[in-house]
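Peer 1: Curious how this folds, go ahead:
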Amino acid sequence: MQQAVPAVHAAPHHGPPTTFIRKHVFSLDHKVIGKQYYALALVAVLTGMVLSWLMRIHLAWTNASIPGLQLLSANGAPGGKMTPEYYLQLMTMHATIMVFFVLTTAPFAAFGNYFLPIQVGAEDMPFPHFNMMSFWTTFVAFCVLISAFFVGDGPPLAGWTAYAPMSAIGKAAGPGEGTGQVLWATAIGIFCIGQLLGALNFISTVLDMRTKGMTLARLPVTVWAWFITSCMGLTAFAVLMPATILLILDHVAGTSFFVASGLVINDQLLPHSGGSTLLWQHLFWFFGHPEVYIAIVPGMGIVTHVLITNMRRPMLSIKAILYSLWALAFLSYMVYGHHMFVSGMNPFSSLAFSFPTLMITIPSTILVLIWIGSLYGSKLRINSASLFALGFISMFVSGGVSGFFLAQPSIDIMLHATYFVVGHFHMVMGVAAMFGIFSGTYFWFPKMTGRMMNETLGKAHFWLTFVGTYCIFMPFHYLGWAGNVRRYASFTDDFLKPLVPLHQFITVAALFTGAVQLIFFYNLIHSRFKGAPAPDNPWEGTSLEWSMPSPPPWNNFGGKDPVVYHDAYQYGVKSSTGADYVMQTSPEQVPAEGD
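Peer 2: Here you go, the predicted model:
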């Protein structure tokens with residue numbers, strides 16, 4: 001039975017770029033904008049990685065002097081020795097940069113911008129000027145955030161969560177809580193604008209720009225993942241943006257949205273009244289927990305797409321995968337309160353958030369079971385992209401299991417302020433999402449550049465990174481059980497002193513794993529200019545991006561809209577050409593399952 005096909009809507013014709021500025025800087029081409037997002041994410045991840053190195057060195061060798069650190073902050077690191085306050089400032093900047101400008105930017109904005117219009121058969125996004133604005137708004141947000149390093153009191157130290165009231169009362173709270181905190185809130189507010197513009201474009205592209213024959217049922221899983229992420233972002237960032245505006249007003253306009261009456265800091269009664277400190281937590285975590293899935297859902301789509309291509313057969317159930325992704329998106333708004341079990345909320349409220357927190361493990365488990373079940377018996381092609389896809393599953397499972405503990409209020413209250421939580425969210429939200437980014441990079445690099453990455457270097461990069469990340473983050477769970485409090489800058493004079501050798505092991509692993517990423521950067525840059533020329537379809541894929549030259553022309557399909565006849569995963573079939581796959585654009589009839 002044939003499905004109804006959508007009407008074809010031509011993208012706004014903006015013509016080929018004629019100047020260097022229009023082609024490479026203020027480009028309207030979604031592919032160039034995708035590359036710009038990816039480049040920004042690379043700069044951000046290098047910055048965040050260096051900040052994590054500085055923190056780990058301080059935790060392992062508290063009294064060590066880090067050469068040159070005093071040049072970044074004479075007050076925060078006199079003589080190169082980090083103060084406790086500066087440790088918290090680096091932690092805040094590391095987390096903010098990684099969450100917003102790496103884990104959100106790369107898998108969603110970078111890959112989504114480049115490949116979503118191509119995979120639906122469109123010439124471009126429906127609002128190319130908005131698309132250009134989304135990147136440059138995000139770039140400005142990054143610059144504003146980095147500028148916090150260079151103001152008088154330094155960057156903020158309230159953490160990436162910026163809990164009130166300390167984040168809302170200004171310099172009275174200490175270093176970093178004045179101008180640095182205002183710059184943080186300004187940067188995040190600007191970032192939200194960029195993401196809202198991008199989300200609107202993504203949603204419009206999927207709903208109104210699909211080519212002839214591209215029904216919703218024929219969309220690749222990656223498109224669905226980016227679409228679902230856009231829907232989450234449209235709601236989540238729309239809540240965080242006004243929250244940051246209110247936080248800025250508490251600083252500069254004397255309002256009291258997040259500052260309660262009668263607050264005394266350093267023997268000084270603050271002139272605030274009527275605010276609620278918990279209001280910030282409600283607003284922030286209503287964004288914050290969907291943000292976990294904004295970072296991970298695109299990776300799930302990429303991993304599914306990569307695995308199917310390399311297994312040479314469809315997943316057990318694409319529909320179950322899509323239903324699970326939608327379930328994750330829906331439930332992500334119902335579980336945000338589990339971040340607030342220690343806030344003093346009513347125990348009945350804790351129970352109400354605990355139950356959906358356990359429920360959200362169901363779609364996650366379904367995804368994992370489908371991935372593993374589909375892999376069973378398949379002749380998986382082992383390459384860098386498929387290895388990182390497998391690593392994604394491993395990290396997602398290993399980090400996700402600890403979520404069962406944190407879903408219980410009675411257990412979470414004991415573990416919430418410890419390294420157990422740090423290990424949990426780094427493995428799930430951090431490392432797993434990064435593995436998805438790496439998988440997508442190795443998979444789509446030939447299409448984006450017309451050149452192949454070095455597979456030997458790619459496999460070395462995977463194995464060293466895989467082992468290194470487990471050495472870093474699995475011990476965090478043990479530290480948490482031992483009572484190691486997170487955000488402490490040192491453990492030399494308290495009951496945690498016996499854990500210092502473990503911190504030293506983790507630091508060595510972190511330095512090693514960070515250095516391993518130089519293999520990736522070398523492979524990325526060297527292959528961009530001197531890699532082997534890539535064929536148009538090196539992986540023998542079936543989706544629309546593999547039906548065009550590598551790299552694609554400025555208007556994607558050369559002005560001729562493709563016509564789609566199949567879904568994106570016609571593998572393991574007998575093609576008239578002798579291949580084991582049929583392209584989406586091939587009118588060849590594919591035997592129904594069981595024929």
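
Peer 1: Nearest residue to the middle of the protein?
Peer 2: Leu103 (2.1 Å; CA atoms, centre = their mean).

Peer 1: right, and it touches Ala433 too?
Peer 2: Yes - at 4.9 Å, Leu103 and Ala433 qualify as touching, with contact defined as CB atoms under 8 Å. Where C-beta positions appear, they are placed from N, C-alpha and C, glycine not excepted.

Peer 1: Which neighbours do those two have in common?
Peer 2: Each of Ala295 lies in contact with both Leu103 and Ala433 under the rule CB atoms under 8 Å, 6 or more residues apart in numbering.

Peer 1: before we move on, the earlier item: any idea how far Ala95 is from the residue nearest to the centre of the chain?
Peer 2: Counting by CB to CB, to the nearest Å, the gap from Leu103 to Ala95 is 10 Å.

Peer 1: for Pro175, same thing?
Peer 2: Relative to Ala95, and taking CB to CB, Pro175 is found at 18 Å.

Peer 1: out of these two, which sits in the busier spot?
Peer 2: Pro175 (21 against 18; other CB atoms under 10 Å).

Peer 1: For this protein, which helix extends over the most residues?
Peer 2: Using DSSP state H, we find that the single longest helix of the chain is helix 277-311.

Peer 1: Show me what it is packed against.
Peer 2: Using 3 or more CB pairs under 8 Å, 6 or more residues apart in numbering; DSSP states H and E, the elements in contact with helix 277-311 are helix 111-120, helix 221-252, helix 318-331, helix 361-375, helix 384-401, helix 432-449.

Peer 1: mind running it again at 10 Å?
Peer 2: In terms of contacts (3 or more CB pairs under 10 Å, 6 or more residues apart in numbering; DSSP states H and E), helix 277-311 is packed against helix 111-120, helix 179-208, helix 221-252, helix 318-331, helix 347-359, helix 361-375, helix 384-401, helix 432-449.

Peer 1: now the first one: mean pLDDT?
Peer 2: Averaged over helix 111-120, pLDDT sits at 96.

Peer 1: can you check the fourth one too?
Peer 2: The predicted model gives helix 318-331 an average pLDDT of 96.

Peer 1: Helix 361-375 and that one, what's the angle between them?
Peer 2: Angle, helix 318-331 to helix 361-375, by axes from the mean of the first three to the mean of the last three CA atoms, to 10 degrees: 160 degrees.

Peer 1: where's Thr211 relative to Glu123, distance?
Peer 2: Taking CB to CB as the measure, Thr211 falls 9 Å from Glu123.

Peer 1: Overlap of the contact sets of the two?
Peer 2: Residues touching both Thr211 and Glu123 (CB atoms under 10 Å, 6 or more residues apart in numbering): Phe557, Asp561.

Peer 1: Quick one, grab the pLDDT at the nearest residue to Ile302 once chain neighbours are set aside.
Peer 2: Leaving aside its sequence neighbours, Ile302 sits nearest to Gly440 (CB to CB, 6 or more residues apart in numbering; 4.4 Å). You'll see Gly440 listed with a pLDDT of 97.

Peer 1: okay, now Gly440: neighbour count?
Peer 2: Quick note: Gly440 (other CB under 10 Å) scores 28 neighbours.

Peer 1: Kindly report the same for Val252.
Peer 2: When counting by other CB under 10 Å, one arrives at 9 neighbours for Val252.

Peer 1: OK, contacts around Phe191?
Peer 2: By CB under 10 Å, 6+ apart, Phe191 lies in contact with 96, 100-101, 104-105, 137-142, 144-145, 237, 240-241, 244.

Peer 1: Pro107 versus the residue nearest to Ile302, what's the distance?
Peer 2: Relative to Pro107, Gly440 is positioned 7 Å away (CB to CB).

Peer 1: Spit out the residues that contact these two alike.
Peer 2: Counting by CB under 10 Å, 6+ apart, the shared contacts of Gly440 and Pro107 are Thr222, Pro298, Gly299, Gly301, Ile302.

Peer 1: separation between the first one and Ser65?
Peer 2: Taking CB to CB as the measure, Thr222 falls 47 Å from Ser65.

Peer 1: Neighbour count for those two, which is higher?
Peer 2: Per other CB under 10 Å, whichever of Thr222 and Ser65 has more neighbours is Thr222, with 27 against 14.

Peer 1: buried stuff in stretch 369-378?
Peer 2: Ile370, Trp371, Ser374, Leu375 (16 or more other CB atoms under 10 Å).

Peer 1: Correction: the previous question concerned stretch 541-558.
Peer 2: 541-548, 550-552, 554-557.

Peer 1: Can you pick out the most distant pair from those residues?
Peer 2: By the measure CB to CB, those have their two most distant members at Thr542 and Trp554, which lie 24.1 Å apart.

Peer 1: okay, now Val467: neighbour count?
Peer 2: The burial count for Val467: 14, using other CB under 10 Å.

Peer 1: With Phe130 instead?
Peer 2: Neighbour number of Phe130 under other CB under 10 Å is 16.

Peer 1: Excluding sequence neighbours, find me the nearest residue to it.
Peer 2: Leu197 (4.9 Å).

Peer 1: again with Ile188
Peer 2: Leaving aside its sequence neighbours, Ile188 sits nearest to Thr244 (CB to CB, 6+ apart; 5.0 Å).

Peer 1: before we move on, back to that, among the buried residues of stretch 541-558, which one sits closest to Ile190?
Peer 2: Closest approach to Ile190 among the buried residues of stretch 541-558 (CB to CB): Trp554, at 28.9 Å.

Peer 1: and the gap between that closest one and Ala168?
Peer 2: From Trp554 across to Ala168, the span is 47 Å (CB to CB).

Peer 1: Sketch out the low-pLDDT regions of this structure for me.
Peer 2: Within the chain, the segments meeting pLDDT under 70 span 1-14, 591-595.

Peer 1: please redo it, this time with the cut-off set to 80
Peer 2: For the chain, the stretches flagged by pLDDT under 80 are 1-18, 266, 272, 347, 492-494, 558-559, 575-578, 589-595.

Peer 1: Any figure for the gap between Arg487 and Thr418?
Peer 2: For Arg487, the distance to Thr418 - CB to CB - is 10 Å.

Peer 1: Which one's more surrounded, the two?
Peer 2: Higher neighbour count among Arg487 and Thr418: Thr418, with 19 against 14, using other CB under 10 Å.

Peer 1: For the more buried one, list each beta-bridge partner.
Peer 2: Applying DSSP bridges to Thr418 yields these beta-bridge partners: Val485.
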